[in-house]
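**Q** Fold the following.
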Amino acid sequence: ALHRWTNAKLWTSPNQFSFPFAVSDEVVFGKPVSGVLGSSYSNSDTSQTIPPWADEIEYSSLEAGTFTIGGTPTTLYETVFFHK
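**A** Below you'll find the model as predicted:
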């Protein structure tokens with residue numbers, strides 16, 4: 001997909017998961033991350049970057065739980081979307 005849509009913007013869930021190697025939150029699959037999604041599109045936190053598509057697609061980032069992976073406690077997040 002990154003090769004087909006070379007101008008696409010890449011948004012990630014909070015604390016993007018990577019295993020077995022820790023990778024930067026700023027680059028995923030060699031592409032710079034455009035933004036990190038907050039807990040939801042309606043979050044009143046003004047410090048979060050609002051995606052340009054937030055008025056068309058609602059989203060919520062859910063904390064799935066904290067698990068020990070590779071000897072390190074790791075919190076996993078999942079972001080779900082609803083196209084209006």
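**Q** For the nearest residue to Phe82 once chain neighbours are set aside, give me the pLDDT.
**A** Sequence neighbours aside, Glu58 is the residue nearest to Phe82 in space, at 4.5 Å (criterion: Cβ to Cβ, 6 or more residues apart in numbering). For glycine as for every other residue, the C-beta is placed from the backbone atoms N, C-alpha and C. We have a pLDDT of 89 for Glu58.
**Q** what lines up beside the worst-scoring helix or strand of the chain on mean pLDDT in the sheet?
**A** Lowest mean confidence among the helices and strands of the chain (mean pLDDT, DSSP states H and E): strand 27-28, at a mean of 80. Strand 27-28 sits in its sheet next to strand 31-32 (antiparallel), going by DSSP bridges.
**Q** Tell me where the model's unsure across the chain.
**A** 1, 19-20, 40-48 (pLDDT under 70).
**Q** Around Ala54, how many other residues sit close by?
**A** 15 (other Cβ atoms under 10 Å).
**Q** Distance-wise, check it relative to Glu78.
**A** To Glu78, Ala54 is 18 Å away according to Cβ to Cβ, to the nearest Å.
**Q** The protein: strands as residue ranges?
**A** Remark: strands assigned in the chain by DSSP state E are 11-12, 27-28, 31-32, 35-36, 57-69, 72-83.
**Q** Using a markdown table, please lay out the ones you listed together with mean neighbour count.
**A** A markdown table is the format used below for these (neighbours: other Cβ atoms under 10 Å):
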| stretch | mean neighbour count |
| --- | --- |
| strand 11-12 | 18 |
| strand 27-28 | 14 |
| strand 31-32 | 11 |
| strand 35-36 | 15 |
| strand 57-69 | 13 |
| strand 72-83 | 12 |
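**Q** Let's have those strands in TSV, adding distance to Ser18.
**A** Compiled in TSV, the strands of the chain are given as follows (distance: least, Cβ to Cβ, whole Å):
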stretch	distance to Ser18
strand 11-12	10
strand 27-28	8
strand 31-32	14
strand 35-36	14
strand 57-69	10
strand 72-83	10
